[in-house]
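Enquirer: The sequence isn't on hand, but the structure is:
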């Protein structure tokens with residue numbers, strides 16, 4: 001018997017479209033287990049309320065169990081979506097390096113006195129459609145009993161760092177019946193992601209500086225240089241999961257009504273997010289950080305971010321431009337990975 005990690009039920013009243021009833025609510029439950037190459041379970045912890053696994057490696061296997069049903073009693077076959085996403089670290093780091101290498105004395109003085117200005121400048125240089133990456137995305141279907149168990153193999157191509165896995169259950173069956181164009185709109189809080197990226201990158205810069213100063217010995221709080229550092233990234237992974245959750249639910253909120261059985265979804269659909277910290281020495285974007293250039297810019301080398309830019313504005317983006325924006329019809333993935 002599966003002990004589900006996350007669950008929830010739909011609305012107890014009619015939806016915005018007038019459908020659904022108090023006697024017919026959807027329900028959704030999910031569970032995840034990660035095993036290493038030898039079959040041993042990876043330890044899971046809760047960080048800021050987010051289920052998190054650290055020290056995950058290529059070759060590990062993610063076993064996930066899903067239940068779709070109504071009123072927590074009856075299971076029914078239905079569709080749900082699995083999306084794994086991350087920050088586009090190679091792109092963000094390349095822009096970060098370029099700014100540090102080409103900053104003027106005036107910019108350096110400004111950023112030294114006001115680190116938030118560095119965040120603003122970095123944000124202005126980033127193409128928001130490239131900030132996030134979709135690592136994998138799939139449409140899955142539960143069986144007649146509303147249950148499904150699947151295996152996701154972590155390939156060598158996934159890069160080191162925090163990765164968010166989102167299980168999403170929710171759609172508007174009425175809109176499908178009318179053959180309406182149906183696209184997910186998601187809110188990307190660019191400022192929040194940029195501030196968080198600076199905090200993570202700054203940790204590695206500070207870690208590298210401390211290690212160099214100690215004559216090559218590992219600095220306190222650091223694991224291997226250029227690889228995901230547990231102390232910093234576990235916390236930041238939880239924040240990433242929370243940001244992803246907000247973006248999925250806000251973007252889906254206007255699109256959700258009833259399922260094909262006429263049962264009501266909650267506003268924003270069901271979104272269950274989990275976090276993993278992947279360590280992949282062969283695909284290590286942090287190794288590309290220009291440490292000397294970052295050390296010249298104190299705002300870029302700080303190990304903590306002011307987070308002063310979180311939620312000052314949002315950008316509405318459509319389509320499949322990045323990991324958080326996709327057409328519902330285009331999320332089918334390679335079955336060999338699922």
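Expert: Good, I have the coordinates. Computed from a predicted model, the values in this text were never measured in an experiment.
Enquirer: which stretches of the chain have low pLDDT?
Expert: For the chain, applying pLDDT under 70 flags the ranges 12-23, 71-73, 174-190, 203, 206-236, 247, 250-255, 302-338.
Enquirer: which residues does residue 37 contact?
Expert: Contacts for residue 37 (C-beta atoms under 8 Å, 6 or more residues apart in numbering) come out as 57, 59-60. Any C-beta I mention is one placed from the backbone N, CA and C, and that applies to glycine too.
Enquirer: Name the SS class of residue 261, please.
Expert: Following DSSP: H, G, I helix; E, B strand; the rest coil, residue 261 is assigned to coil.
Enquirer: backbone phi and psi for it, please?
Expert: phi -100, psi 0 (degrees, to the nearest 10).
Enquirer: Report how many residues lie close to it.
Expert: Residue 261 has 15 neighbours, counted by other C-beta atoms under 10 Å.
Enquirer: And the one 3 residues further on, by the same measure?
Expert: Per other C-beta under 10 Å, the neighbour tally for residue 264 reads 25.
Enquirer: What about residue 155? Give its phi and psi, please.
Expert: Torsion angles, degrees, to the nearest 10, at residue 155: phi -80, psi 170.
Enquirer: Go ahead and confirm it touches residue 58.
Expert: Yes: with contact defined as C-beta atoms under 8 Å, residue 155 reaches residue 58; the gap is 6.2 Å.
Enquirer: and the contacts of residue 37 as JSON lines, adding secondary structure, distance to residue 202 and neighbour count?
Expert: Shown next, in JSON lines, are the contacts of residue 37 (DSSP: H, G, I helix; E, B strand; the rest coil; distance: C-beta to C-beta, whole Å; neighbours: other C-beta atoms under 10 Å):
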{"residue": "57", "secondary structure": "coil", "distance to residue 202": "25", "neighbour count": "17"}
{"residue": "59", "secondary structure": "coil", "distance to residue 202": "30", "neighbour count": "13"}
{"residue": "60", "secondary structure": "coil", "distance to residue 202": "28", "neighbour count": "19"}
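Enquirer: now, among those residues, which is nearest to residue 257?
Expert: residue 60 (37.5 Å; C-beta to C-beta).
Enquirer: list the contacts for the closest residue in space to that closest one that isn't next to it in sequence?
Expert: Using C-beta to C-beta, 6 or more residues apart in numbering and skipping residues adjacent in sequence, the residue nearest residue 60 is residue 154, 4.8 Å away. Residue 154 makes contact with 56-62, 278, according to C-beta under 8 Å, 6+ apart.
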